[in-house]
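**Student:** Return atomic coordinates for the entry below.
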Amino acid sequence: MPPPADVRRAALIDQLRYLRDELALMTPLLPRLEGPLLEERPRPDVPSFAETLDALARADAERHADLTGKAGPMPEAFAVAERLDRFVQGRDALADAFDAHDWAAPMPSGEPVEAYLRRAILADADALRTIGAYLFEAQRR
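**Tutor:** Prediction:
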């Protein structure tokens with residue numbers, strides 16, 4: 001028997017905040033990512049660290065708009081610390097919006113909120129793997 005809806009909801013929102021917490025733990029490594037490591041692509045088909053953070057922030061702003069009808073925070077940022085702060089602000093706003101949302105109501109696309117959030121969390125896992133590769137490279141330098 002699956003866990004009750006309120007337990008699943010709390011777990012999914014906690015998981016949404018998990019990427020924010022993981023990235024915050026990376027703060028001590030950020031100075032190593034300024035310059036070439038920030039903008040370099042390891043391969044042509046893999047985004048740079050900066051592009052990955054920007055894509056995460058954009059995706060959260062779009063998800064916030066899907067959920068609430070208005071875009072989440074997307075201030076301009078150029079340094080990696082600013083990019084990370086921008087992501088954290090957006091992720092907090094997104095998690096709060098999901099927490100406040102009526103999960104019985106579907107997303108505007110008709111998709112159930114739980115399924116939509118699960119897809120977002122799977123995308124986070126992919127992004128975290130990409131970011132981990134950059135941090136591994138930064139640690140080697």
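**Student:** Would you map the strands across the protein?
**Tutor:** Taking DSSP state E, the chain contains no strands at all.
**Student:** Would you point out which residue is most central in it?
**Tutor:** Leu56 (4.5 Å; C-alpha atoms, centre = their mean).
**Student:** Now do the contacts for it.
**Tutor:** Leu56 is in contact with Leu19, Phe87, Arg91, Asp124, Ala127, counting by C-beta atoms under 8 Å, 6 or more residues apart in numbering. In this view, the C-beta of every residue, glycine as well, is placed from N, C-alpha and C.
**Student:** Try it again at 6 Å.
**Tutor:** When contacts are counted by C-beta atoms under 6 Å, 6 or more residues apart in numbering, Leu56 touches Phe87, Ala127.
**Student:** swap in Leu19?
**Tutor:** Here Leu19 is in contact with Asp124 (C-beta under 6 Å, 6+ apart).
**Student:** Scan the helices and strands of this structure for the one with the lowest mean pLDDT.
**Tutor:** helix 30-33 (a mean of 70; mean pLDDT, DSSP states H and E).
**Student:** still on that earlier bit, so how far is Asp21 from the residue nearest to the centre of the chain?
**Tutor:** 14 Å (C-beta to C-beta, to the nearest Å).
**Student:** cool, and Thr27?
**Tutor:** From Thr27 to Asp21 the distance is 11 Å (C-beta to C-beta).
**Student:** residue boundaries of the helices in the protein?
**Tutor:** Using DSSP state H, the helices found in the chain span residues 5-25, 30-33, 36-39, 49-68, 80-100, 113-140.
**Student:** Packing partners of the third one?
**Tutor:** So that's helix 36-39. helix 49-68 (3 or more C-beta pairs under 6 Å, 6 or more residues apart in numbering; DSSP states H and E).
**Student:** pLDDT averaged over the helix it packs on, what's the number?
**Tutor:** Averaging pLDDT along helix 49-68 gives 86.
**Student:** buried sites along that helix?
**Tutor:** Residues of helix 49-68 classed as buried by neighbour count (16 or more other C-beta atoms under 10 Å): 49-50, 52-54, 56-61, 63-64, 66-67.
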